[in-house]
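A.B. asks: Give me a model of this one.
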Amino acid sequence: MEKGGEWEIKSFEESYTSASTPEYNDSYVINNGGTIQFEKDGTGNTNYSSELAIYLEGLLYEEYINKEFTYHNSEHSIYLIYADHGGVAYNLEWEKDKMIMSFSEVQEFEDYDENNNPIQITTTYSLKFICEKK
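C.D. replies: Got it, this is the predicted structure:
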C-alpha cells in the first residue's frame, strides 16, 4: 500500500457457516462493489457501489461508508481508521495487482438439541473484499 493506488472491488463476499448446524449456513456476494483509493501519504477513501453501500450499512457504522480514512498496513494486515469513529482491521493478502482484505471470527457456544441434550456449536463468520489494481 505504500505506493498508493486505486483498487477496484471485484467482489464482496460474506458468509456464515456452521458444521454442526449446516441448515443455517448462508453466503452473499456482491460483484463490482466500487473502489478503494489509497494515497501515498497514508490517507484514502472508499467509493462503494450503491448496492454494496446499502448492504454495508447493515454491517458497519454509517461513518465507515464512503468516507475518508487513514490507514496503516503491515505485510499481513491493514487498519482503516475513520476520524473520531474508530476503525476496522482486516487480514491482508496481496500480490502485485491483487488484494484481499478479509475478516473472520469463530465462535463456540453450547446449545441444546431436540432432546434437550447439550451440544457444542462452532460458527464461522467471514467477509472479504476481493480487489484488483485499476
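
A.B. asks: I'd like to check which residues are in contact with the nearest residue to Glu39 once chain neighbours are set aside.
C.D. replies: Counting by CB to CB, 6 or more residues apart in numbering, Glu39 lies nearest to Gly4, which is 5.0 Å off, once chain neighbours are set aside. C-betas here are computed from N, CA, C, even on glycine. Shown in contact with Gly4 (CB atoms under 8 Å, 6 or more residues apart in numbering): 37-40.

A.B. asks: Looking at neighbours, which among the residues you listed is most surrounded?
C.D. replies: Most neighbours among the contacts of Gly4, by other CB atoms under 10 Å: Phe38, with 22 neighbours.

A.B. asks: Using the three-state scheme, assign the spatially closest residue to that residue that is not a sequence neighbour.
C.D. replies: Among residues not flanking Phe38 along the chain, Gly44 sits closest, at 4.5 Å (CB to CB, 6+ apart). Secondary structure for Gly44, judged by DSSP: H, G, I helix; E, B strand; the rest coil, is strand.
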